[in-house]
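Student: Build me a model from this:
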Amino acid sequence: AYLADTDFNSLATVLMIPSVALFGTSPFALRLPAFLAACACLVFVYLLGALLFRDDKYGFVFAFLFAVCGLTATLGRLGAPYMFVTCALVASVYFMYRFFARGISSRHVVRGGLNIFFSGLFAAFALAMNSLSVFPVLGVLVLFGFGLRRQKLAYKNEILKAASRAAAPAPSASAVSPSPEGGEGAPESVPADAEGGAPAVPAVPAASAETLTAGASSIGLIGGNSAKIKANYAYKTRVSWAFAALSFLLCTFVLLLLSSLVTYSAYVKAFDDPSSPSMSYAALLWQGISSSFNVTNVTEYTNANELNPLAWFLPLKAATLYDGVGEIASSRYLAWNASMNAAVGIASLVAFAFSTIGVVSELFSQNRGSRLNRRIRRVYLVLLGGMLLSLLSALCVARVSALYSSLFSVFYMGFIPLAVRIGQPEEVRLRADGRPKTSAADVLLGVCLFVFAVFFLLSVPSWYGFGLPTRAAEYLFGWMSIADNGYFRP
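Tutor: Numbers count the residues shown, from 1 in each chain. Next up is the predicted model:
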């Protein structure tokens, strides 16, 4: 029998090759790509958090949680492509949310469309590495659809603004007052929407309202400007769809095809009879793609792995990862525990419940239409969608490893900074130096971050362990146990 890694697609193997070619077949060469992917993912988690909350402070909190969550330390030094997939999907969500929040500038249409292209490119990398990424990628495409909708609303708002300006009576000479600089007064600036997308529509003057009521359309009011605005919107839409098709479809196909050329020989040995091959290239490629839905390799090297992925909401039991000799029924194993930091897991569950109650209650309040509440709902929906879709991809696989909970944990932990944001007072009080006073939510967050760091430091010896007999590991690390998984739990 030929042993091959079928839990991932060809590209995951290809990305490991350069490191092995440079440093030889060694643990360092296998672990270096995963470490670099973890570092890159940390950066994208920070950027995503800062973009979602529009505050660098929450981006830092998001990145800190990712760094000490436990799974990052495990997967970031494991010679396997799990962190590659997580990094690619987080980056895809980040760039697509940039498109959703900021839209495409009329002055830099192609540059604005690059957010779509980079999102699709990272999604293509994720799909070419693991077919289970199809569910999170569908969520990214839904976000793309909402971004197009916001773009259409911005177009309609621009038409209405132009119509209101065209229908407004020209100001008399006496109505023009000098500006502070000594020039004539300029029109008042139009406030932007909370997410930096479509600008808010100013109130339509009375004359404009009467004209519109009389039956004249907005297009008729602004005359030749309507064609220019419509053409600009049509150009943005074409660019958006072109970048989406180029990245999500074409790049995925090219990456799958090119990477499969490298692993063709291995696929023939794993899925066909090398002495008398009978499967076509397309059949082999499909076999490799579909094998991601039948996890086999990592399951054989884990313990307490039969838990349903729904247990990830309170991950007190970890999966202990065996070393290679586990295949011959040795009692030795590497003391890695594929699980979220227990303190972070409990806090995430509490924050998820608190955020859900807060968002639902705000829907029935008088302030549900405020910019802040709309922004909080958007953050909640992004985190909820990412969490559920990553969970769905795991539920489609029997006996899926806890290692696949990495992407789920990113969105799950995001409810901690969201709960802190919801818990902030409505009125910000300032200190004597003009800086805002520290709120009770910020104090609680600081205490939680300290506890998370302590749990992480106590768990380091087991994550970065070495091969030990089972009994020795139990005596060395068993005192840290929170929930017994058959061996030990930090």
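Student: residue ranges with poor pLDDT in the stretch 301-450 of the chain?
Tutor: Along the stretch 301-450 of the chain, the parts satisfying pLDDT under 70 run over 301-307, 317-337, 399.
Student: my bad, the stretch 101-250 of the chain
Tutor: Looking at the stretch 101-250 of the chain by pLDDT under 70, you get 166-224.
Student: what are the ranges of the helices in it?
Tutor: Ranges of helices in the stretch 101-250 of the chain, per DSSP state H, counting those that start in this stretch, are 109-129, 134-167, 206-213, 218-222, 225-244.
Student: now the second one and helix 225-244, what's the angle there?
Tutor: Okay, so that is helix 134-167. 170 degrees (axes from the mean of the first three to the mean of the last three C-alpha atoms, to 10 degrees).
Student: what's helix 134-167 packed up against?
Tutor: Counting contacts by 3 or more C-beta pairs under 8 Å, 6 or more residues apart in numbering; DSSP states H and E, helix 134-167 packs against helix 82-102, helix 109-129, helix 206-213, helix 218-222, helix 225-244, helix 371-395. Glycine gets a C-beta too; all of them are placed from N, C-alpha and C.
Student: Now do the buried residues in the last one.
Tutor: Just to be clear, that refers to helix 371-395. 373, 375-376, 378-380, 382-394 (16 or more other C-beta atoms under 10 Å).
Student: Next: the second one.
Tutor: Of all the residues in helix 109-129, those buried under the rule 16+ other C-beta under 10 Å are 112-129.
Student: ok, now the first one?
Tutor: Taking 16+ other C-beta under 10 Å as the neighbour-count basis, helix 82-102 is seen to contain the buried residues 82-102.
Student: tell me the mean pLDDT over stretch 68-81?
Tutor: Average pLDDT, stretch 68-81: 84.
Student: where do the strands sit along this structure?
Tutor: 302-303, 319-321, 336-338 (DSSP state E).
Student: about what we covered before: using JSON lines, lay out the helices and strands packed on helix 134-167 together with distance to Phe271.
Tutor: What follows is these, written out as JSON lines (distance: least, C-beta to C-beta, whole Å):
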{"stretch": "helix 82-102", "distance to Phe271": "22"}
{"stretch": "helix 109-129", "distance to Phe271": "18"}
{"stretch": "helix 206-213", "distance to Phe271": "66"}
{"stretch": "helix 218-222", "distance to Phe271": "60"}
{"stretch": "helix 225-244", "distance to Phe271": "33"}
{"stretch": "helix 371-395", "distance to Phe271": "23"}
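Student: what's the closest of those helices to Cys39?
Tutor: Distance to Cys39, taken as C-beta to C-beta, is lowest for helix 82-102 among the helices and strands packed on helix 134-167, at 9.0 Å.
Student: helices or strands up against the closest one?
Tutor: With contacts taken as 3+ C-beta pairs under 8 Å, 6+ apart, helix 82-102 sits against helix 10-23, helix 27-53, helix 71-75, helix 109-129, helix 134-167, helix 371-395, helix 406-413.
Student: Mind doing that once more with 7 Å?
Tutor: Helix 82-102 sits against helix 27-53, helix 109-129, helix 134-167, helix 406-413, with contacts defined as 3 or more C-beta pairs under 7 Å, 6 or more residues apart in numbering; DSSP states H and E.
Student: quick one, which of the ones you listed is nearest to Leu71?
Tutor: Nearest of these (C-beta to C-beta): helix 406-413, 5.1 Å.
Student: buried stuff in that closest one?
Tutor: Buried, per 16+ other C-beta under 10 Å, within helix 406-413: Ser406, Leu407, Phe408, Ser409, Val410, Phe411, Tyr412, Met413.
Student: Just checking the distance from that helix to the centre of its chain.
Tutor: On the basis of C-alpha atoms, centre = their mean, to the nearest Å, helix 406-413 sits 9 Å off its chain's mean C-alpha point.
Student: and if you look at stretch 84-99?
Tutor: For stretch 84-99 - counting by C-alpha atoms, centre = their mean - the centre lies 5 Å from the chain centre.
Student: Give me the contact list for it.
Tutor: Applying C-beta atoms under 7 Å, 6 or more residues apart in numbering, the contact partners of stretch 84-99 are 12, 15, 37, 40-41, 44-45, 47-48, 51-52, 115-116, 118-119, 122-123, 125-126, 129-130, 133, 136, 140, 143-144, 147, 382, 386, 406-407, 410.
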